[in-house]
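Chemist: Predicted model and sequence follow; I will ask about them next.
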Amino acid sequence: MLEVRNLTKRFGNRTVIEDLCFSIRRGERLCLFAPSGAGKTTLIRILTGLDRRFTGMFHLDTDRKATLFQEPGLLWYKTVEENILYPFAVRRVSVDRAVRNRYAEWMEMTGLKGFENHYPHEISGGMKHKAAIVRGFLPEPDLILMDEPFKSIDVIAKWRIIEHVKREYPDLSGILVTHNLDEIPLISQTVLLFPERRLAEGRTISIAEDTGFGNLSRAIHDVVRNTIRDFD
Amino acid sequence: MKVFRIFFTPLRNSLAAFSLFVFLWTALSLFFESYILPSPLEVLRDRAEFWDSAFPSHLKATLGRAGAGFFLSFLLGTVIGILSYLLRIHVCMETVMALFQVVPGLILGIVFLLVFGVGSAAPAALIVFLTAPLIAINTAGGLLKRNRFLEEMIRSFNGTAFHLVRDLWVPALVPTLRANAASGAAMALKIVLLGEYIASENGIGRLLNEAGVYFNMAAVFFYLLVILLLILFFQIAVSGVFALCFEKYLYPG
């Protein structure tokens, strides 16, 4: 689905991504875990096609990708419904009955039902993030790039969304960037850990093989310890 | 409800500002002789003296010049602002435009008087040269301040330049265009008076010149009152047009 080879990104003299290599199979969901400022968001922007100034390459098997950014990015003059259906308008894809059904399901599940005709300034921050999540998933992408998409969403709503995604989109591939440990095993089968403050020489941990939280939590603990040592 | 709020908030603010101005004027007039600073009541009492049969033609001339100059400067300023943003020369352009702003209107007015002669062209050109740079700077600034997260969101869904312009740039520019229209109209009226004062044989600026020569302060303040009311009318009209036509693009509040 996605293959990243020798990807390097520099901001002036500072290298944030160095010789990064990894791949994702169809249906595989990978979590990137690294200290703040390591270049995770930069990687998401590159894979989304927003930043083309890098060396190395990446190959995507599909055009059907979506990105969930840290900011919900709702157009202020469109209602919640218009915002959610915006990708269909941009791509000139008609909103058929199947889409309408999926839309109704998502609205019910996220608690956005009843707020369809509200404008973004009339709903809470968490609701805006939920609307952005529905907008990302509704067109049924093959690959989803998620940059801390749940940061303003309460635990129960987050859990419901994740369960819904796992149930309704079993073949979905994805990359999740997060700082929340609890999200990692819920979403991802694999974690790519970067102990340094840049994306290079990552350590891959399979959650399925880990059968629990042991190795993962130990590895993350190492990352945190290294980060603290860097600060010292 | 939002339309009413967008329309009536500036109306209420304009009326409050005008009331405050009249109050301050009245208060100040208590400390000066009426031949220096007549009170608003004295000016209104003598209005028949200034609003004679020739006054409407002067008013019409001023409004015509201000309207033409404003329209040209709004168009030119907006185009220059957008182009300077697109060509990424807005910083350089801002400096150039600021230099234009520094040149005193009086000097430009004399230059235009020599170039165009006495008539309507000099005041209109003066408006364009002094107002268009400000509108250009505001327009480029409005584009620079647009929400980059929204731009990235649109591009992430394979949105093209067309989608960016239609769904982000134009809506993001609406508040700036509204502010440009309101302040540009006020500036246009102010500048046209200067132009007429220097280089015209009619218009309210010309009447102000004559009133100044004869030290007729009641007439000066009467014309000032007319100008203030015209500016208020312009601002309320601009708010109304934007509230009716572009209501959904204006940020709440």
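Modeler: That came through, no problem.
Chemist: Show me the helices in chain A, by range?
Modeler: Assigned by DSSP state H, the helices in chain A fall at A:40-48, A:80-84, A:86-90, A:97-110, A:125-137, A:155-168, A:183-187, A:207-210, A:214-231.
Chemist: In chain A, what residue comes closest to chain B?
Modeler: A:Gly73 (3.5 Å; C-beta to the nearest C-beta). To be clear about C-beta, it is placed using only N, CA and C from the backbone, and glycine gets the same treatment.
Chemist: got the contact list for that residue?
Modeler: A:Gly73 sits next to A:132, B:147, B:149-150, B:152-153 when contact means C-beta atoms under 8 Å, 6 or more residues apart in numbering or on different chains.
Chemist: OK, contacts around whichever residue of chain B sits closest to chain A?
Modeler: Ranked by C-beta to the nearest C-beta, the top residue of chain B for proximity to chain A is B:Met153, at 3.5 Å. Under the criterion of C-beta under 8 Å, 6+ apart, the contact list for B:Met153 reads A:69, A:73.
Chemist: Check for me that it belongs to a helix.
Modeler: Yes. Assessed with DSSP: H, G, I helix; E, B strand; the rest coil, B:Met153 lies in a helix.
Chemist: Report pLDDT for the residue nearest in space to the middle of chain A.
Modeler: Closest to where the C-alpha atoms of chain A average out (C-alpha atoms, centre = their mean) is A:Met146, at 0.9 Å. According to the prediction, A:Met146 has pLDDT 93.
Chemist: For B:Met97, see how far away B:Ala243 is.
Modeler: The gap separating B:Ala243 from B:Met97 is 29 Å, by C-beta to C-beta, to the nearest Å.
Chemist: hmm, back to that, so who does the residue nearest to the centre of chain A touch?
Modeler: Per C-beta under 8 Å, 6+ apart, neighbours of A:Met146: A:44, A:67-68, A:136, A:174-178.
Chemist: and if we set it to 10 Å?
Modeler: A:29, A:31-32, A:44, A:66-70, A:133, A:136, A:174-178, A:183, A:187 (C-beta atoms under 10 Å, 6 or more residues apart in numbering or on different chains).
Chemist: Look up phi and psi at the residue of chain A closest to chain B.
Modeler: Main-chain dihedrals, A:Gly73, degrees, to the nearest 10: phi 60, psi 50.
Chemist: Look up the closest residue to it, ignoring the ones flanking it.
Modeler: B:Met153 (3.5 Å; C-beta to C-beta, 6 or more residues apart in numbering or on different chains).
Chemist: Now do that neighbour against A:Leu138, distance only.
Modeler: The value you get for B:Met153 to A:Leu138, if C-beta to C-beta is used, is 14 Å.
Chemist: same check, this time on A:Arg167
Modeler: A:Arg167 is 15 Å from A:Leu138, by C-beta to C-beta.
Chemist: So which of those two has more stuff around it?
Modeler: A:Leu138 (20 against 8; other C-beta atoms under 10 Å in any protein chain shown).
Chemist: The more buried one and A:Leu85 touch, don't they?
Modeler: Yes. If you go by C-beta atoms under 10 Å, A:Leu138 and A:Leu85 touch, sitting 7.5 Å apart.
Chemist: Quick check: neighbours shared by those two?
Modeler: With C-beta under 10 Å, 6+ apart as the test, A:Leu138 and A:Leu85 both reach A:95, A:99, A:103.
Chemist: if I pick the first one, what's in contact with it?
Modeler: So the one you mean is A:Val95. A:85, A:88-89, A:103, A:138.
Chemist: Quick one: buried ones out of these?
Modeler: With burial judged by 16 or more other C-beta atoms under 10 Å in any protein chain shown, the buried subset of those is A:85, A:88, A:103, A:138.
Chemist: Need the max-distance pair from those residues.
Modeler: Across those, the two members that end up farthest from each other (C-beta to C-beta) are A:Phe88 and A:Tyr103, 9.9 Å apart.
Chemist: who touches both of these two?
Modeler: By C-beta under 10 Å, 6+ apart, the residues touching both A:Phe88 and A:Tyr103 are A:95, A:138.
Chemist: Check which helices and strands the helix or strand harbouring B:Val220 sits against.
Modeler: Taking DSSP states H and E as the criterion, B:Val220 maps to helix B:217-245. Helix B:217-245 sits against helix B:2-29, helix B:40-45, helix B:47-50, helix B:55-86, helix B:170-199, helix B:204-213, with contacts defined as 3 or more C-beta pairs under 10 Å, 6 or more residues apart in numbering or on different chains; DSSP states H and E.
Chemist: how about CSV for those helices, with mean pLDDT, distance to chain A and mean neighbour count added?
Modeler: Formatted as CSV, those follow (pLDDT from 0 to 100; distance: least, C-beta to the nearest C-beta, whole Å; neighbours: other C-beta atoms under 10 Å in any protein chain shown):
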stretch, mean pLDDT, distance to chain A, mean neighbour count
helix B:2-29, 83, 9, 14
helix B:40-45, 89, 41, 15
helix B:47-50, 82, 45, 13
helix B:55-86, 90, 19, 20
helix B:170-199, 85, 6, 22
helix B:204-213, 90, 40, 19
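Chemist: Make TSV out of those and add distance to B:Ile137.
Modeler: Below are the helices and strands packed on helix B:217-245 laid out as TSV (distance: least, C-beta to C-beta, whole Å):
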stretch	distance to B:Ile137
helix B:2-29	22
helix B:40-45	36
helix B:47-50	37
helix B:55-86	7
helix B:170-199	10
helix B:204-213	26
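Chemist: mind giving me the domain split of chain A?
Modeler: A:2-64+A:141-231, A:75-140 (automatic domain parsing).
Chemist: and chain A, which residues reach chain B?
Modeler: Neighbours of chain B within chain A, by C-beta under 10 Å from any C-beta of the partner chain: A:44-45, A:48-51, A:63, A:65-79, A:83, A:86-91, A:119-122, A:132, A:135-136, A:139, A:145.
Chemist: how about a cut-off of 7 Å?
Modeler: Within chain A, the positions adjacent to chain B are A:48, A:50, A:67, A:69, A:71, A:73, A:75-77, A:87, A:90-91, A:121 by C-beta under 7 Å from any C-beta of the partner chain.
Chemist: In PyMOL, how would I select the buried members of the residues you listed?
Modeler: Of the residues of chain A next to chain B, the buried ones go into a single PyMOL selection, burial set by 16+ other C-beta under 10 Å:
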select buried, chain A and resi 48+50+67+69+71+73+75+76+77+87+90
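Chemist: State the pLDDT value of the residue nearest to A:Gly73.
Modeler: Reported pLDDT for B:Met153: 94.
Chemist: Distance check, it against A:Gly136.
Modeler: 10 Å.
Chemist: now swap in B:Leu229 and tell me
Modeler: Counting by C-beta to C-beta, the gap from B:Leu229 to A:Gly136 is 53 Å.
Chemist: And these two? Which one has more around it.
Modeler: A:Gly136 (23 against 11).
Chemist: which residue packs closest to that one, ignoring adjacent ones?
Modeler: Closest to A:Gly136 by C-beta to C-beta, 6+ apart is A:Ala66, at 4.2 Å.
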